[in-house]
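Test case, fold it:
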Amino acid sequence: MKNSVIIKSYRDGIAVYLDETLAFETLICDVRDKFRESSRFFGDMKVAVSFEGRQLSGAEENRLVDAITSSSSLHVVCVVGKDREKESQLKQSFEAFERYFPKAEGGDGKFYRGNLTGGQILETEGSIVIIGNVEAGCSVISTKDIIVLGALYGSAYAGGSGVNGHFIAALEMAPQKLKIGDFKYKSKEKTHWPFKAKKGQAQIAWVKDNQIQMQAITNELLNELPL
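Okay, the predicted model is just below:
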């Protein structure tokens, strides 16, 4: 029981090793206890988390994330899976988040964890990081930047404040509609982004030469973006 939860810290996040034999409700309690004990060590870091040692459903992962955040000051940016390609894309998006997500005083940036479904509309002042998917028929509206740590299949509108230099990023970019500031993407196809991104490839959209550009997220690109 004592070692039912083991935490290992890495440069880009933490790995949580879970006992596969325990009842899940017992494990949840042990996770809370472990992160309370470690709270001072981790502080209020922003981290990516991976769960190891047992198979988990999406609902169970969400409950574990809730147990971590309610028992510590950690901000869980994303849950990293075991697929190496997807893990690489998550890491790239996390780097983009760290680099461009505003750190203004007063809590300018916000998190939303969960999928947007059934025509939901999420509207916010400041920037937003969505830990989940934006399904077709749903919309995200932000006065600043939008980062989707998942798939963007619905609509996204960034830069609603009218200030230039904002962007939209997603692990999988196939939006129905896209708008940044006063610039809309116009396509003959109404349901798909025309530049079909490789599945699982993180992409970022921004305004260049008075039109929306989209490209895979790389460190080289981040150095060049006028954001």
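
how about the helices in this structure?
Using DSSP state H, the helices of the chain run over 24-37, 39-42, 58-70, 84-100, 219-224.

Which of the ones you listed comes out lowest on mean pLDDT?
When those are compared by mean pLDDT, helix 84-100 comes last with a mean of 56.

Quick one: residues contacting Arg32.
Residues near Arg32 by Cβ atoms under 8 Å, 6 or more residues apart in numbering: Ala67, Ser70, Ser71. Quick note: C-beta positions are derived from backbone N, CA and C, even for glycine.

I'd like to know how far it sits from Ile217.
Look at Arg32 and Ile217: by Cβ to Cβ, to the nearest Å, they are 34 Å apart.

what does Glu125 give?
On the measure of Cβ to Cβ, Glu125 and Ile217 end up 25 Å apart.

So those two - more neighbours on which side?
Ile217 (20 against 12; other Cβ atoms under 10 Å).

How about the more buried one, nearest residue that isn't a chain neighbour?
Residue nearest to Ile217 in three dimensions, not counting chain neighbours: Ala202, with 4.4 Å by Cβ to Cβ, 6 or more residues apart in numbering.

pretty sure that neighbour is touching Ala151, no?
No: the criterion here is Cβ atoms under 8 Å, and Ala202 misses it with Ala151 at 10.8 Å.

With neighbour numbers in mind, choose between the two.
Applying other Cβ under 10 Å to Ala202 and Ala151 shows that Ala202 carries more neighbours, namely 27 against 20.

who's the nearest residue to Glu52 once chain neighbours are set aside bridged to?
In this structure, Glu52 finds its nearest non-sequential neighbour in Tyr17, 4.8 Å apart by Cβ to Cβ, 6+ apart. With DSSP bridges as the criterion, Tyr17 is bridged to Ile6, Glu52.

Ok, Leu116 next?
Using DSSP bridges, the bridge partners assigned to Leu116 are Val134.

What residues does it make contact with?
Counting by Cβ under 8 Å, 6+ apart, Leu116 touches Leu122, Ile130, Gly132, Asn133, Val134, Glu135, Cys138, Ser139, Val140, Gly154.

Please report how far it lies from Val134.
Leu116 is 5 Å from Val134, by Cβ to Cβ.

which neighbours do these two share?
Val140, Gly154.

Show me the domain layout of the chain.
Annotated domains of the chain cover 5-79, 104-224 [automatic domain parsing].

Go through the ones you listed and pick out the most buried.
Ranked by mean neighbour count under mean count of other Cβ atoms under 10 Å, the domains of the chain are led by domain 104-224, which reaches a mean of 17.

How far off centre is that domain?
11 Å (Cα atoms, centre = their mean, to the nearest Å).

So the spatially closest residue to Val31 that is not a sequence neighbour versus Val16, what's the distance?
Nearest residue to Val31 in three dimensions, chain neighbours excluded: Ala67, at 4.6 Å (Cβ to Cβ, 6+ apart). Between Ala67 and Val16 the distance is 10 Å, computed by Cβ to Cβ.
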